[in-house]
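Q: would you be able to build a 3D model of this:
(one chain, ligands or ions: 3)
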Amino acid sequence: METAEKILTNAKMPFCPGCGHGVCVRSVSKSLELLGYGPKDVALVSDIGCSGLVDPLFATHTIHGLHGRAPALGVGVALGLNDPNKKVVVIQGDGGATIGLQHILEAARRNIDMTLVVINNLLYGMTGGQMSGLSTNEFKAYKHSDDDAEPYDVVNLAHQSGAAFSVRVNDISNFTNILKEAISTPGFSLVELSSLCTSHGMKKISEMEDFMVAEETFKNKRPVGVSLIRDTCSLLDNFKVLEPRFISTIKDSIGVVIAGSAGGGIQSAATMLAQAGMLSGLHATMKGEYPITVGTGFSVAEVILSKKPINFTGLEKPNVVIAVTDDGWNKVKNRISENSKVYVDEKISTDNLFETKEFLKVGGKKGAILCAIAHWIKESEVFPLEALLKVVEDSKYATALQNAIKSADEL
Ligand SMILES: Cc1ncc(C[n+]2csc(CCOP(=O)(O)OP(=O)(O)O)c2C)c(N)n1
Ligand code: SF4
Ligand SMILES: [Mg+2]
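A: Ligands and ions are numbered 1, 2, ... in the order given. Here you go, the predicted model:
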C-alpha cells in the first residue's frame with residue numbers, strides 16, 4: 001500500500017553536489033511511503049553532522065539531537081509512543097554512531113521498536129573529513145592517517161547486543177528494499193548505508209568500493225521490548241478534551257508572547273490562556289522558556305491561538321507581546337515588530353516607545369500576568385473573559401486567580 005501523503009517536503013537537499021546522503025534520505029522516505037506510513041505516523045530523530053541536516057526535508061515529526069545521542073532520543077520517543085502503527089526512525093552518521101555507540105547497544109539490548117539508519121561515509125563530513133571509528137584501515141591509509149586500530153563493525157555489534165535485524169548495504173539499488181524490511185521488522189533494526197562524501201572522500205562510488213566493509217545481514221528472533229513500552233504512560237493518553245462553550249472572533253491565528261520573572265506564574269498563565277482559547281473553539285499551543293536555574297531570572301511563554309490546526313509551533317513574529325517585569329521584557333523586546341501589539345507594566349522602562357499599564361500594582365506580583373492577559377482579552381475581544389474565568393474555576397487557587405483576572409477592571 002502506498003500512502004498519498006509524501007514523507008518528504010519540497011525543501012532543497014542541503015548537501016554538496018554528488019553527496020550520497022540525498023540517496024539515503026530519498027530511500028528512507030520511499031520505503032516509509034511504500035509501507036503506507038504518512039507524515040504524521042513517523043517520528044524522525046536526527047543527529048549532528050551533514051547527515052543531521054535532514055529535519056527540514058521530512059514532513060514528519062522531527063527531533064534534532066546532540067552528536068551520537070539521537071538513538072537515545074529515539075528510544076525515549078518509541079517507549080512513549082506506545083502505538084504499533086507509528087514508526088520511529090533515527091538517522092545518524094558514522095561519526096555519531098562512534099561517539100554514541102553505547103546508545104545503539106542499549107537500544108539493541110532492549111530490542112526497542114525503532115529503526116536506526118547509520119549513513120556511513122567513512123568520515124566526519126561536516127567538520128572537514130576527520131576519521132571516525134567506522135573508517136576502515138584501507139581508507140585511513142589512503143587519507144594518510146597513521147591510526148591502524150580496527151574499525152567498529154556496528155552492524156555486528158548491534159546483532160551481538162540483541163537487535164532484531166541489523167544489516168550493511170553498499171549497493172544503492174537495494175537501499176529501499178532493505179529499509180522496508182528493517183522498518184517492518186518489530187523491534188530494533190539497524191541499517192548501515194554506504195554514502196559518498198564528494199567533498200572529503202571520493203568523487204565516485206566506484207572509487208569508494210575499495211574502502212567499504214563487505215555487506216552483512218544478521219537477525220535475532222526476540223520479543224520486542226514490550227514490557228517497558230506497556231509500563232510507560234504515553235503523553236497522548238492523558239489528553240484533556242475541552243469542549244468549546246464560548247465563541248472566538250479570531251479568524252486566522254494569533255501568536256502571543258508572555259514575559260515576566262520566575263515565580264510570577266508566567267507558564268501557568270500561558271497554559272490558562274491556551275485553555276481559554278480551546279474553550280472558545282480554537283486550537284492552541286503553548287511553549288515555555290526559562291533558565292536552568294528555574295527559581296530566578298526570566299520566564300517566557302509563547303501561545304498560538306488558531307482557527308485551523310497548528311502544524312508548526314514556532315512563533316517568529318508575535319502579534320501580541322505582554323511583559324510584566326524587566327527580566328521578561330529584556331528577553332522579548334527584540335522580537336517586537338511593527339505589527340505587534342505591546343502591553344508592558346509601568347515599572348518597565350521602554351523609553352516612552354510603548355504605553356504602559358499598572359499590571360503589577362493592581363494584580364500583585366503573582367497576579368500581574370493574568371491581569372495583563374485579561375486586559376488584552378477585554379481590549380481585543382478575541383473571546384469572552386468568561387472563558388479565562390472558567391479555566392481557573394476548578395483550581396485550588398481559584399479565588400486568587402479570579403481576583404487577578406478581575407483586577408484588570410481597575411486599570
Ligand atoms: C556533541 C558534539 N560533538 C562534536 C560536534 C562537532 N561535530 C559536528 S559534525 C561532526 C562530524 C559529523 O560526522 P558524522 O556523524 O559522520 O556525520 P556526517 O557529517 O559525516 O554526515 C562533529 C564531530 C558536535 N557538533 N557536537
Ligand atoms: S561535506 Fe561530504 S557529507 Fe557533507 S554534504 Fe558535503 S559531500 Fe555530503
Ligand atoms: Mg560521516
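Q: quick one: Ala368 and Glu192, what's the gap?
A: Remark: distance between Ala368 and Glu192 (CB to CB, to the nearest Å) = 56 Å. Quick note: C-beta positions are derived from backbone N, CA and C, even for glycine.
Q: more neighbours, the two?
A: Remark: of Ala368 and Glu192, Ala368 carries more neighbours, 29 against 25, as counted by other CB atoms under 10 Å.
Q: quick check, that one in a helix?
A: Yes. Assessed with DSSP: H, G, I helix; E, B strand; the rest coil, Ala368 lies in a helix.
Q: show me which helix or strand of the chain is least confident by mean pLDDT.
A: Within the chain, no helix or strand scores below helix 226-231, which has a mean of 55 by mean pLDDT, DSSP states H and E.
Q: could I get the helix or strand Ala387 falls within in CSV with only the CA atoms?
A: Taking DSSP states H and E as the definition, Ala387 sits inside helix 385-392. Output in CSV follows, covering the C-alpha atoms of helix 385-392 (Å, rounded to 0.1, in the frame of the first residue of the first chain):
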residue,chain,number,x,y,z
LEU,A,385,-13.2,36.9,29.5
GLU,A,386,-15.6,34.3,30.9
ALA,A,387,-13.5,31.7,29.1
LEU,A,388,-10.4,32.5,31.2
LEU,A,389,-12.6,32.7,34.4
LYS,A,390,-14.0,29.3,33.5
VAL,A,391,-10.5,27.8,33.2
VAL,A,392,-9.4,28.8,36.7
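Q: quick check, pLDDT for Tyr397.
A: Per-residue pLDDT puts Tyr397 at 95.
Q: what sits against it?
A: By CB atoms under 8 Å, 6 or more residues apart in numbering, the contact set of Tyr397 is empty.
Q: go again with 10 Å.
A: Contact analysis of Tyr397 by CB atoms under 10 Å, 6 or more residues apart in numbering lists 265, 268, 366, 403-404.
Q: kindly report the same for Ser145.
A: Counting by CB under 10 Å, 6+ apart, Ser145 has contacts 123, 130-131, 135, 137, 139.
Q: which SS state does the residue positioned nearest the centre of the chain fall under?
A: When CA atoms, centre = their mean is applied to the chain, the residue found nearest the centroid is Ile63 (3.3 Å). Under three-state DSSP, Ile63 falls in the strand class.
Q: in stretch 324-332, what counts as buried?
A: By 16 or more other CB atoms under 10 Å, the buried positions in stretch 324-332 come out as 324-329, 331-332.
Q: out of the residues you listed, which touch ligand 2?
A: Residues shared between the buried residues of stretch 324-332 and the neighbourhood of ligand 2: none [CB under 6 Å from any ligand atom].
Q: around ligand 1, which positions in the protein sit nearby?
A: 48-51, 66-67, 93-96, 119, 121, 124-127, 132.
Q: in helices only, show me those residues.
A: Secondary structure defined by DSSP state H assigns 94-96 of the residues of the chain next to ligand 1 to helices.
Q: tell me, which of these make contact with ligand 3?
A: 94-95 (CB under 5 Å from the ion).
Q: pLDDT, distance to Glu410 and neighbour count for the ones in helices among the residues of the chain next to ligand 1 - can I get that in JSON lines?
A: Below are those laid out as JSON lines (pLDDT from 0 to 100; distance: CB to CB, whole Å; neighbours: other CB atoms under 10 Å):
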{"residue": "Asp94", "pLDDT": "98", "distance to Glu410": "64", "neighbour count": "28"}
{"residue": "Gly95", "pLDDT": "98", "distance to Glu410": "60", "neighbour count": "30"}
{"residue": "Gly96", "pLDDT": "98", "distance to Glu410": "57", "neighbour count": "30"}
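Q: any residues of this protein in contact with ligand 3? List them.
A: 93-95, 121, 125.
Q: test my guess that Gln130 contacts His200.
A: Yes. Look at Gln130 against His200 with CB atoms under 10 Å: they come within range, at 8.7 Å.
Q: find residues that contact each of the two.
A: Here Gln130 and His200 share the contacting residues 123-124, 143, scored by CB under 10 Å, 6+ apart.
Q: what's the closest of those residues to ligand 2?
A: Lowest distance from ligand 2 to those (CB to the nearest ligand atom) belongs to Leu123, with 7.9 Å.
Q: can you pull the pLDDT of the closest one?
A: Looking at Leu123, its pLDDT is 97.
Q: same deal with the one 10 residues further on?
A: At Gly133, the pLDDT value in this model is 98.
Q: then Pro84?
A: pLDDT, Pro84: 83.
Q: again, but for the one 3 residues further on
A: Among the per-residue scores, Lys87 holds a pLDDT of 96.
Q: one more: Gly295?
A: The model's pLDDT for Gly295 equals 81.
Q: ok, for it, nearest residue in space, not its chain neighbours?
A: Distances taken as CB to CB, 6 or more residues apart in numbering place Ala262 nearest to Gly295, at 5.5 Å, with adjacent residues excluded.
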